[in-house]
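Colleague: What follows is a predicted structure for the sequence shown.
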Amino acid sequence: MSGSGEGRAVPYYCPFCASEDLWPAGETHGQWECRSCARTFAVRFVSVADPAERTPRPAIAGGAR
């Protein structure tokens with residue numbers, strides 16, 4: 001992938017119906033169309049998380065099973 005942002009990150013499932021029938025949609029990078037549920041959505045990369053700044057997950061009440 002080049003540094004110009006020309007590559008597409010491909011979602012594998014629709015976030016609404018979980019179908020795999022996804023197609024690029026629109027002219028803007030990151031827009032996708034689900035042909036099963038007729039919804040369009042956008043996927044956008046925000047940043048890489050800093051592990052040192054992550055908040056620990058709370059413990060599960062009653063202990064692990």
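Modeller: In hand now; what should we look at? Numbers count the residues shown, from 1 in each chain.
Colleague: excluding its backbone neighbours, what's nearest the residue nearest to the spatial centre of the chain?
Modeller: Centroid check for the chain by C-alpha atoms, centre = their mean gives Val43 as the closest residue, at 5.4 Å. What sits nearest to Val43 in space, not counting adjacent residues and going by C-beta to C-beta, 6 or more residues apart in numbering, is Gly30, at 4.8 Å. The way it works is simple: take the backbone N, C-alpha and C, and place the C-beta from them, glycine included.
Colleague: Quick check, that neighbour in contact with Thr40.
Modeller: No: contact criterion C-beta atoms under 8 Å: Gly30 and Thr40 do not qualify, at 11.0 Å.
Colleague: Pick out whichever of these two has more residues nearby.
Modeller: Gly30 (16 against 11; other C-beta atoms under 10 Å).
Colleague: What is the neighbour count of Ala42?
Modeller: 11.
Colleague: List the contacts of it.
Modeller: 28, 30-32 (C-beta atoms under 8 Å, 6 or more residues apart in numbering).
Colleague: closest to Asp21 among the residues you listed?
Modeller: Trp32 (10.5 Å; C-beta to C-beta).
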